[in-house]
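# Need coordinates for the following:
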Amino acid sequence: MTPGIELEAGVFATMNPLGEGCVAAGCITPTSHYFWVPFGVRFLMPLKHDRFELSAGGGGLFDHFSTSAQVGLGGYSYNGFGGYVKASAALALDRHRHFWLGFTPRIYLANSGNYRDRWFLITGDVGVRF
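Next up is the predicted model:
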């Protein structure tokens, strides 16, 4: 691969993002899950003797949501497709650049037949490189 350009793929998940829903018959807290599978390219820019780096990337996204129950209805699920963009900053914690610490904000956009998912995530990143 070309230096400074990486292919990437991953999986992110959130468990039980739905809160309690109430109707006249009572309240329910459904079990729910979101899964995102981003795949794309990342561009790296090493700085400060290769111990600090900035990167930006983007690509396609597969989005899956499922829930065990909806107030007044049974469970349901759907799949969506879309894209993502991200930017990150990372710092090597040792002089050999094996251990890294950073953060990455991401925007996920996905559409299915009836749903438009829009998510903004910020992650703290811990990495080991060989």
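# ok, Gly4 touching Arg42?
No. Counting by C-beta atoms under 8 Å, Gly4 does not reach Arg42; the two are 9.4 Å apart. Every C-beta, even on glycine, is put in place using the N, C-alpha and C of the backbone.
# Give me the more crowded residue out of these two.
A direct count of neighbours by other C-beta atoms under 10 Å for Gly4 and Arg42 places Arg42 higher, at 17 against 12.
# Just give the closest residue to His64, not the sequence neighbours.
Nearest non-adjacent residue to His64, counting by C-beta to C-beta, 6 or more residues apart in numbering: Phe35, 4.5 Å away.
# All the strands of the protein, residue numbers only.
Under the criterion DSSP state E, the chain contains strands at 5-9, 12-15, 21-23, 26-28, 32-47, 52-70, 73-92, 99-111, 116-128.
# Give the pairing partners of the fourth one; include direction for each.
Each strand paired with strand 26-28, and its direction, by DSSP bridges: strand 21-23 (antiparallel).
# What average pLDDT does the partner strand get?
Across strand 21-23, the average pLDDT comes to 74.
# and it, which residues are buried?
For strand 21-23, the neighbour count (16 or more other C-beta atoms under 10 Å) marks no residue as buried.
# Would you pull up how far that strand lies from the middle of the chain?
29 Å (C-alpha atoms, centre = their mean, to the nearest Å).
# before we move on, what about stretch 15-22?
On C-alpha atoms, centre = their mean, the centre of stretch 15-22 falls 20 Å from that of its chain.
# try stretch 79-96
With C-alpha atoms, centre = their mean, you get 10 Å for stretch 79-96.
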